[in-house]
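Trainee: take this sequence and fold it.
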Amino acid sequence: MNHSRYLDSHEQKNTQQQNFSPAFLHQIINGISDPIFVKDRQHRWVLLNDRYCDFVGHSCNDLQY
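Mentor: Numbering: from 1, shown residues only. Model (predicted):
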């Protein structure tokens, strides 16, 4: 699809996606009612939401590396 309006809209979306801050991402993740976690290749938690911390019974500060 080479429509100019589509291309302009697509470029705007890419620019907006680059402006997400870690704090904004954390707010979104914490707004989800399911437990969510992300680990790196060394199996360390790098992202946790409050539901996951409640599920395992520890604070997020205790679990993050």
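Trainee: show me the contacts for residue 60.
Mentor: Listed by Cβ atoms under 8 Å, 6 or more residues apart in numbering, the contact partners of residue 60 are 48, 50, 53. (Glycine included, C-beta is placed from N, CA and C.)
Trainee: can you list phi and psi of the second one for me?
Mentor: To tie it back to what came earlier, the one meant is residue 50. Residue 50 adopts backbone torsions of phi -60, psi -30, taken as degrees, to the nearest 10.
Trainee: so what's it closest to, chain neighbours aside?
Mentor: residue 30 (5.2 Å; Cβ to Cβ, 6 or more residues apart in numbering).
Trainee: quick check, that neighbour in contact with residue 47.
Mentor: No. Checked against Cβ atoms under 8 Å, the pair residue 30 and residue 47 is beyond contact range at 10.6 Å.
Trainee: against residue 57, how distant is the most centrally placed residue in the chain?
Mentor: The chain has residue 25 as the residue nearest its centroid, 4.2 Å off, counting by Cα atoms, centre = their mean. Here residue 25 is placed at a distance of 24 Å from residue 57 (Cβ to Cβ, to the nearest Å).
Trainee: ditto for residue 34
Mentor: 17 Å.
Trainee: also residue 64?
Mentor: Counting by Cβ to Cβ, the gap from residue 64 to residue 57 is 15 Å.
Trainee: more neighbours: the two, which one.
Mentor: residue 64 (13 against 7; other Cβ atoms under 10 Å).
Trainee: who touches that one in this structure?
Mentor: 45, 46, 48.
Trainee: thanks again, I'm all set now.
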